[in-house]
Structures are given as C-alpha cells and as structure tokens.
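*Asks:* sequence and predicted model, in that order:
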2 protein chains.
Amino acid sequence: MNRRVAVVEKITKANDRLAEVNRALLARHKLASLNLMSSPGAGKTTLVERTVAGLAGKYRLGVVEGDLVTSLDAERAAAAGAESVQINTGGSCHLDAGMVGDALGQLPLADLDLLIVENVGNLICPATFDLGTDHKVVVASVPEGDDKPFKYPTMYRGVDVLIINKIDLLPYVTFDMDRFRSGVAALNENVTVLPMSCRTGEGLDAWLNWLGDQVVRTRARR
Amino acid sequence: MNRRVAVVEKITKANDRLAEVNRALLARHKLASLNLMSSPGAGKTTLVERTVAGLAGKYRLGVVEGDLVTSLDAERAAAAGAESVQINTGGSCHLDAGMVGDALGQLPLADLDLLIVENVGNLICPATFDLGTDHKVVVASVPEGDDKPFKYPTMYRGVDVLIINKIDLLPYVTFDMDRFRSGVAALNENVTVLPMSCRTGEGLDAWLNWLGDQVVRTRARR
C-alpha cells in the first residue's frame, strides 16, 4: 500500500506542474476560467447551456467537457453557441491538468473571454486535481439532500462559488436550507452561495453578473 | 503511467481475492447480500431505512455503510432497526472487499438474514470493485436525468436490480422514462427495473418481495 501512495503522490505532483502550465497559458490570454464540479445530474450541463445563452453577444465562451464516454455534453454546449471540446476520460473518474491542457490546445483562446471546464460528475475525486483554472465552482442540487457538505467535505472545502440548483423542487423534497448552508459555511469563510433554478431561470442573473465581474477583473490584471 | 496501471491491476487482483473470502463467509452463513450503489443523494440511505422498516419482524438485516467521513448513515440504519457498521474510507471514493471483510467481522452474521452494503455515493469507481456480495443494485433517481446510463456505462452494466427512485418528482422534471430504460436495456439483458418513490412508498412492495425471494433462495442453497 505504501507503493500505491507513493505513485498517487507522484501523479498529483505531475498534475500540479501541468496545472501551472495551464494557469500561465490562461493568464497570457487574460482568460477568466472555472472548474465546474458536481454529482452526476446536479445540472452542470444545463447551467452551461443557460450561461452560454445568457452571455451571448457579450462574452465569447469556451467549454471543455469531461465525461467517461460520449460527446453528449459537448454537443449541448456547442448547440448553445460555445466553442467546445469533449474530453473522454475512458475509465477515469476526474479530469486532470494534462487532459485540460490538451483540450486548451484545440480552443481559439485568443478569441475567448471565459473558459468553463465541466468536470466528470463525481463529488469526490475531482476535488483533489487542480486544473489550473481560477475558480472552483460546485453545483449542488436540492434533491441530493442537505447532508452533502458534511459527507463530502473535500469537495465543499475551498469552493469559491456554490450554486444550489433546482430550488424549484424545494416544495416537493425534504431539504433544510439552513442546515446545508451551515455545513458549507463551516468549511469555507468566503464562499458565494447562489440559489438557482436552471429550469425556471430564477437566480441566473446573479450568476451571470458574478461571471461578468470575473471577466472584467481578469482583463484588468497586469 | 504504465507503473500506475500495474499498481491498479495489483490492487484489483488483491481485491478479487478478498471478495472471494467475503463470498465464502456469506455463503457459509447462507446470508443473502447486495452491493447498493448510486450517485450522491439518489436515496440509498432512505431506501435502507424503508427496507429495514418494511422487513421488520420478518427478516433481520445487517447494514454496512460506506462514507468518506461521518457515521450519519450508520446511525440512520441503526435507528431504523438494523445491525449496522460504518466504514469511513478517508479519501477513498469506493468500498473495497478488504474494508467490507473488516466490517463483516463486527456483525452477528449467524443472526442475520440479509446484508446490505451501502457503497460510497459515486457513479464511477464503486462499479469496478467486487465486494463478494450476491447482487449489484443501482439506485438511479429521476432528478439526475435520463442520460445517465449512456454516460456512466460501467455502473449500469451488469446491474441485477435497478431502482428508479423519486418517481414522485416526475411531474416537475424533464425525464424521459423510455430513453432511460432503453439505455439500461442496451447494457443489460436480465435487469429487474423497479420504479419507486421512497418518499411516498410507491413501488416499495415489489422491492421487498424481490429481497424476500433472495433470502429464501439463499437459504435453500446447498
């Protein structure tokens, strides 16, 4: 088992170096970027679709989609109007910085304002792999239950923006918003929490405004 | 990367040997057993609670709960009336046969009729680790969306029973039952599909009957 740990540490170190390469590339293009993570089915791809549509004519988006197999998500992002690349990880349960670096090589970075990397649907492994993006955004969803920050602390720790999606389902499920938010707050001092329904559009403006701020800030960097 | 693959293969082989040990132990006690897997928040623990309550006075249940941290789920299973053991995996995103073997040592196997192992909430990694249980049961949930069998084929392949939970939410979300079921059918010839709402209790009887059949069949084995 020692050998396994040693190998995993080696992989993580290699990942961190490749993440720095990505970070430098994104900085050179003054491109705001985020790593979008969640459980399977929390609504990441629908959020990407709404975001591309919501920022159309204002900002140009690049989307990197991570999935085990299929190009379903990249097709949805492209149909919404984004430049998109699909990564198929094969069996791997998370994106790593090397995969994202390869995908960046296929995007017209100089023409973009914002990059969204949609990770594989998984509340565990993606949290430990830095991709070189500016922000860590987690999409929670109401039907998943209010105990998730307590049970998946690695994912919920260090999150910059937490979207609580599917609030339109609140009347039909058991979900204690205060319990959920107190679990998130215990792990994070400065998290931006955005309740949202991608279905109805409620809360979407606050998200689009936050993204706009990041684009402006990133452009203003020396 | 070759080295990593070699190590992973070694771990899987060791896991398979320990799974055989568990299988032999469970067979000696004529104990029906299942490996319960799903995304985070699909409703595994609620299903365990309903199952323990539904079989109370008829069959005695043992529950092994897998989570990164906390004993929240084992407490819920115990409160419902099961003999329960919590495994905390630390960072690991799945249960393995060794962890389950340790947990079996803490359960009164001779007094039990049915063992439920509730895996870590993850639609990827748990699928590749045999725990030595008889049946692979996957809990899907309606809000996760109808594309999941296409995107997570490893989990949906070789499943014995597929529970489609939270059908009470069907009026409020976009979920094409035919698309979902055709995706599952393409991966499995002989899957038992059980639409269910753990919230309302709809569909629970079919599940309890299926479990009762497994208990009777396992007892009848030579």
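*Replies:* That came through, no problem.
*Asks:* tell me what the helix or strand that contains A:L208 is packed against?
*Replies:* A:L208 belongs to helix A:204-220 when assigned by DSSP states H and E. With contacts defined as 3 or more Cβ pairs under 8 Å, 6 or more residues apart in numbering or on different chains; DSSP states H and E, helix A:204-220 has these neighbours: strand A:32-38, helix A:44-55, strand A:114-118, strand A:161-165, strand A:192-195. (Each C-beta comes from the backbone N, C-alpha and C, glycine too.)
*Asks:* close to chain B: what parts of chain A are there?
*Replies:* Residues of chain A lying close to chain B (Cβ under 8 Å from any Cβ of the partner chain) are A:3-4, A:7, A:11, A:39-41, A:67-70, A:72, A:91, A:93, A:120-125, A:128, A:141, A:143-145, A:147-148, A:150-154, A:166, A:168-169, A:172-174, A:199.
*Asks:* quick one on the thing from earlier: would you mark the buried spots in the helix holding A:L208?
*Replies:* A:L204, A:W207, A:L208, A:W210, A:L211, A:G212, A:Q214, A:V215, A:T218 (16 or more other Cβ atoms under 10 Å in any protein chain shown).
*Asks:* now do the helix ranked longest in chain A and strand A:32-38, the angle between them.
*Replies:* Looking across chain A with DSSP state H, the single longest helix is helix A:2-28. For helix A:2-28 against strand A:32-38, the angle by axes from the mean of the first three to the mean of the last three Cα atoms, to 10 degrees is 140 degrees.
*Asks:* returning to that earlier point: just send the helices and strands packed on helix A:204-220 back as CSV, with mean neighbour count, distance to B:R222 and mean pLDDT too.
*Replies:* CSV is the format used below for these (neighbours: other Cβ atoms under 10 Å in any protein chain shown; distance: least, Cβ to Cβ, whole Å; pLDDT from 0 to 100):
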stretch, mean neighbour count, distance to B:R222, mean pLDDT
strand A:32-38, 26, 48, 98
helix A:44-55, 22, 50, 97
strand A:114-118, 26, 52, 98
strand A:161-165, 24, 52, 98
strand A:192-195, 18, 58, 97
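*Asks:* quick one: closest of those to B:N35.
*Replies:* Among the helices and strands packed on helix A:204-220, strand A:32-38 comes nearest to B:N35, with 24.1 Å by Cβ to Cβ.
*Asks:* re earlier: and the helices and strands packed on helix A:204-220 as TSV, adding distance to A:A79?
*Replies:* Formatted as TSV, the helices and strands packed on helix A:204-220 follow (distance: least, Cβ to Cβ, whole Å):
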stretch	distance to A:A79
strand A:32-38	18
helix A:44-55	8
strand A:114-118	15
strand A:161-165	20
strand A:192-195	25
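*Asks:* quick one: name whatever helix or strand follows the host helix or strand of A:V137.
*Replies:* Here A:V137 sits within strand A:135-141, counting by DSSP H and E. Sequence order places helix A:148-151 as the next helix or strand after strand A:135-141, per DSSP H and E.
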